[in-house]
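Student: no sequence on this one, just coordinates:
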């Protein structure tokens, strides 16, 4: 359980850090739909999917 | 737009909401647990909708659309980082829910007070919430006043809008507490999402022939708006200052974290979280597209706040839809405000009155707490009528100000060494620093108040905790109960 918690925290830290940095550093010159707009959309869907996986294991 | 049409639409909205509130309050008992958290019996679907309606205020279709209009795609990133903050609920949701059930917590401050064994901490958190959330509620009421005045071209004066908004805010919450608020929030969330989706389809297909057309116009005429820092507003420092406190919103704002106590089961909490994430993604997309559409169609506006009203007055939006959008924005503001007012009233009852007089009976706490629903709404109304610049400052400072409660909340579940003295210092000094940074426009290293209040409160919480004695026995019992219960529930 503890290992899983640490693994998920690391995963979320990485994707949230990417959401703060990638559009500013790597995509600042891409003034298209497939630049920062698509990146942040995919980032959010990855976060939603991850939360879906974690919560799917909950039992009443 | 004719004032009479607006009044009819608002009357219809209010009537349907009131019927739902009356239906929801059937069987409600006169006790604090039932009034403030519906006795932890809310099903997943309603929980998801009340969570959504409480979180998303008039800010989305007005403020966020305006930020997109002014600053471009950075608004999308900032709001989605907020949405991704729901990962915190995947960790903290079951912890709040399990301990709430075991120890009977009704407010998040009660959780902190019990865990750190400090009544003073409980009261301090309640007072901090009141200080930062009343101005925030006032801004919501002012938003409705301004919107109605603008859409009726002055026929509905600002004050009339304010009175209507305050009245609706009071009536459902006072009548049926959390049950009525949760069910009317559900209606309002559905209004918000259905109407905003319809309106954006009208605008995008009517004016641009589809989403491809809209992005085509943006890429050729407003290309800067598709990158960050883009036209300038979303510099890295601004972006971090906005997004960082919002990432922790689901823990820092008591009207939201209190909702972690209300689902009837963990499966209901799962539906709540996933339903909210779906709602949030769609609603954010719509608000951003709304702002982009305004940029492409009416690029010369003086301020971003004018983007939504100006777009609504264009021919591409049929008058019927425009009036529905107005109802949708009103619903967004009311559903946020009455949830805040109800939560603050529960904090007065549980965290101030009960703490100062532990012998008060439950029925007394219920009656007095309930009276605070109209009292807080009237306080927000009075603040709104003053139109003070200070209200706006406090409202903006609220996300940074409430962020200071996050280190003690995280510590409660994960750090046995945390102490009440550390938590109180973090909240008081951190809260004052948020206000000073915001009010004084002070931005060391270019970072905004949200970043600094977070740094100040985290450092103080750790340092002061290490210098004072922790409630070891309670910490041990509390955390070992959580670990055992989480294993049983297969939560991490």
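Tutor: Right, received. Where do you want to start? Given the structure is predicted, the values throughout are model-derived calculations rather than measurements.
Student: Need the residues that contact stretch B:112-127.
Tutor: The contact list for stretch B:112-127 (Cβ atoms under 8 Å, 6 or more residues apart in numbering or on different chains) reads B:99, B:103, B:105, B:107-110, B:254, B:347-348, B:351-352, B:355-356, B:405, B:408-409, B:412, B:418-420, B:423-424, B:427-428, B:471, B:474-475, B:478. For the C-beta atoms, the positions are set from N, CA and C on the backbone; glycine is no exception.
Student: Stretch B:10-28 now?
Tutor: Residues contacting stretch B:10-28 (Cβ under 8 Å, 6+ apart): B:34-35, B:164, B:168, B:171-172, B:175-177, B:179-180, B:182-184, B:186-188, B:191, B:327, B:330-331.
Student: And the contacts of stretch B:112-127, which of them are buried?
Tutor: Among the contacts of stretch B:112-127, the ones that count as buried by 16 or more other Cβ atoms under 10 Å in any protein chain shown are B:99, B:105, B:107-110, B:254, B:347-348, B:351-352, B:355, B:405, B:408-409, B:412, B:418-420, B:423-424, B:427-428, B:471, B:475, B:478.
Student: Mind checking which of these land in helices?
Tutor: B:99, B:108-110, B:254, B:347, B:355, B:408-409, B:412, B:420, B:423-424, B:427-428, B:475, B:478 (DSSP state H).
Student: Show the pLDDT at residue B:312.
Tutor: Looking at residue B:312, its pLDDT stands at 86.
Student: The residue found closest to residue B:339 once you drop the neighbours it is linked to in the chain - how many residues pack around it?
Tutor: Distances taken as Cβ to Cβ, 6 or more residues apart in numbering or on different chains put residue B:54 closest to residue B:339, at 4.0 Å, once the chain neighbours are dropped. As a burial measure, residue B:54 scores 27 neighbours (other Cβ atoms under 10 Å in any protein chain shown).
Student: show me the contacts for residue B:54.
Tutor: Residue B:54 makes contacts with B:185, B:255-256, B:259, B:335-336, B:339-340, as judged by Cβ under 8 Å, 6+ apart.
Student: what pLDDT does it get?
Tutor: For residue B:54, the pLDDT comes out at 95.
Student: where does chain B dip in pLDDT?
Tutor: Applying pLDDT under 70 to chain B flags residues B:387-396.
Student: Mind doing that once more with 50?
Tutor: Along chain B, the model assigns pLDDT under 50 to no residue.
Student: As a quick check, tell me the outermost residue of it.
Tutor: residue B:220 (36.4 Å; Cα atoms, centre = their mean).
Student: what about the helices in chain A?
Tutor: Remark: helices assigned in chain A by DSSP H are A:2-25, A:36-56.
Student: can you state the direction angle for the shortest one and helix A:2-25?
Tutor: Okay, so that is helix A:36-56. Helix A:36-56 and helix A:2-25 are oriented at 170 degrees to each other (axes from the mean of the first three to the mean of the last three Cα atoms, to 10 degrees).
Student: Count the neighbours of residue B:84 for me.
Tutor: Look at residue B:84: counted by other Cβ under 10 Å, it has 26 neighbours.
Student: and the closest residue in space to it that isn't next to it in sequence, what does it touch?
Tutor: Leaving aside its sequence neighbours, residue B:84 sits nearest to residue A:47 (Cβ to Cβ, 6+ apart; 3.9 Å). Going by Cβ under 8 Å, 6+ apart, residue A:47 touches A:12, A:15-16, B:83-84, B:86-87.
Student: now residue A:47: how far from residue A:11?
Tutor: Going from residue A:47 to residue A:11 by Cβ to Cβ, to the nearest Å gives 10 Å.
Student: residues shared between the contacts of those two?
Tutor: Common neighbours of residue A:47 and residue A:11, using Cβ under 8 Å, 6+ apart, do not exist here.
Student: Against which helices or strands is the helix or strand containing residue B:198 packed?
Tutor: Using DSSP states H and E, residue B:198 sits within helix B:158-208. With contacts taken as 3 or more Cβ pairs under 8 Å, 6 or more residues apart in numbering or on different chains; DSSP states H and E, helix B:158-208 sits against helix B:3-24, helix B:32-37, helix B:44-55, helix B:119-151, helix B:211-221, helix B:266-297, helix B:319-347, helix B:362-386.
Student: between those, which gets nearest to residue B:93?
Tutor: Closest approach to residue B:93 among the helices and strands packed on helix B:158-208 (Cβ to Cβ): helix B:266-297, 5.5 Å.
Student: same for the closest one, what does it pack against?
Tutor: By 3+ Cβ pairs under 8 Å, 6+ apart, helix B:266-297 packs against helix A:36-56, helix B:44-55, helix B:65-71, helix B:74-84, helix B:87-103, helix B:158-208, helix B:211-221, helix B:307-312.
Student: can you list the residues of chain A near chain B?
Tutor: A:1, A:4-5, A:8-9, A:12, A:15-16, A:19-20, A:23-24, A:27-33, A:35-37, A:40-41, A:43-45, A:47-48, A:50-52, A:54-60 (Cβ under 8 Å from any Cβ of the partner chain).
Student: can we see that at 6 Å?
Tutor: Along chain A, the residues adjacent to chain B under the rule Cβ under 6 Å from any Cβ of the partner chain are A:1, A:4-5, A:12, A:19, A:23-24, A:28, A:31-33, A:35-37, A:40, A:44, A:47-48, A:51, A:54-55, A:57-60.
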